[in-house]
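A.B. asks: Provided below for reference: sequence and predicted model.
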Amino acid sequence: AQKITQTQPGMFVQEKEAVTLDCTYDTSDQSYGLFWYKQPSSGEMIFLIYQGSYDEQNATEGRYSLNFQKARKSANLVISASQLGDSAMYFCAMREGESSSASKIIFGSGTRLSIRP
Amino acid sequence: EPEVTQTPSHQVTQMGQEVILRCVPISNHLYFYWYRQILGQKVEFLVSFYNNEISEKSEIFDDQFSVERPDGSNFTLKIRSTKLEDSAMYFCASSNTGPGNTIYFGEGSWLTVV
């Protein structure tokens, strides 16, 4: 069964607009971590933002924020004031058992974001 | 800012040959990982490594694959007898203890098997 679901295979957004990338997850663990990574066309995987399952506030990192709705098991990424350089593939990921450092991250299928000038 | 480094960035190899992909994790990290991404597909977990042994491996990580930490800094992935379907981007990653336990990825090694 899919543990991380990203329902938007591709999105087009006008430059300077805000964009929300959807992510839902499935876990029976009480303790887990949620991540977003950016993969530009050059291929590297860039960490963007993290949200722990026990964090009461939504995570923010510059123009990135994570809209965490625990009851709905969603962890949407919001990018404010989008820039051309935001065009990339975006992956939502989850690590179960937050206290276990060795546990793996599992990825969603990704959303390809394209910013229009 | 510390980063995970991988070599080579791109390797072309003949089917049946052995390949070693090298990684230098972030220096104070204790947990190491290899992931694979076939072109256009999702990122797949291969193996995690801690305290000089495999912590977990996926069903992809069969006898064709092995990992090693030959010294205090390098972490390698060996692929024996490569097949066409091994063509993919291979990512090394590392993490440490602490809040978030973020896993940081290297820039990847693109393997092409011909």
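C.D. replies: Structure received.
A.B. asks: in stretch A:15-22, what's buried?
C.D. replies: Across stretch A:15-22, burial judged by 16 or more other C-beta atoms under 10 Å in any protein chain shown covers A:Val19, A:Leu21, A:Asp22. In this view, the C-beta of every residue, glycine as well, is placed from N, C-alpha and C.
A.B. asks: tell me how far that stretch is from the chain's mean position?
C.D. replies: Once both centres are worked out by C-alpha atoms, centre = their mean, to the nearest Å, stretch A:15-22 turns out to sit 13 Å from its chain's centre.
A.B. asks: Pull up the distance across that stretch, start to finish.
C.D. replies: The first residue of stretch A:15-22 is 19 Å away from its last residue (C-alpha to C-alpha, to the nearest Å).
A.B. asks: Give me the residues contacting that stretch.
C.D. replies: Stretch A:15-22 is contacted from outside by A:6-8, A:11, A:13, A:36, A:67, A:74, A:76-84, A:86, A:90, A:92, A:111, A:113, A:115-117, using C-beta atoms under 8 Å, 6 or more residues apart in numbering or on different chains.
A.B. asks: Would you show me how to pick out the buried ones of those in PyMOL?
C.D. replies: Selection of buried members from the contacts of stretch A:15-22 for PyMOL, criterion 16+ other C-beta under 10 Å:
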select buried, chain A and resi 6+8+13+36+67+74+76+77+78+79+82+86+90+92+111+113+115
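A.B. asks: among the buried residues of stretch A:15-22, which are in strands?
C.D. replies: A:Val19, A:Leu21 (DSSP state E).
A.B. asks: Please flag which of the contacts of stretch A:15-22 sit within strands.
C.D. replies: Going by DSSP E, the strands hold A:11, A:13, A:36, A:67, A:74, A:76-79, A:90, A:92, A:111, A:113, A:115-116 from those.
A.B. asks: who touches residue 83 in this structure?
C.D. replies: By default, I'm working from chain A. Taking C-beta under 8 Å, 6+ apart, we find A:Gln83 in contact with A:Glu15, A:Lys16, A:Ile115.
A.B. asks: Actually, chain B is the one I wanted.
C.D. replies: Counting by C-beta under 8 Å, 6+ apart, B:Lys83 touches B:Met15, B:Gln64, B:Val113.
A.B. asks: give me the number of residues near B:Leu21?
C.D. replies: Counted by other C-beta atoms under 10 Å in any protein chain shown, the residues lying close to B:Leu21 total 22.
A.B. asks: Work out the sheet partners of the helix or strand where it lies and label each with its direction, please.
C.D. replies: Assigned by DSSP states H and E, B:Leu21 falls within strand B:19-24. Using DSSP bridges, strand B:19-24 pairs in its sheet with strand B:5-7 (antiparallel), strand B:75-79 (antiparallel).
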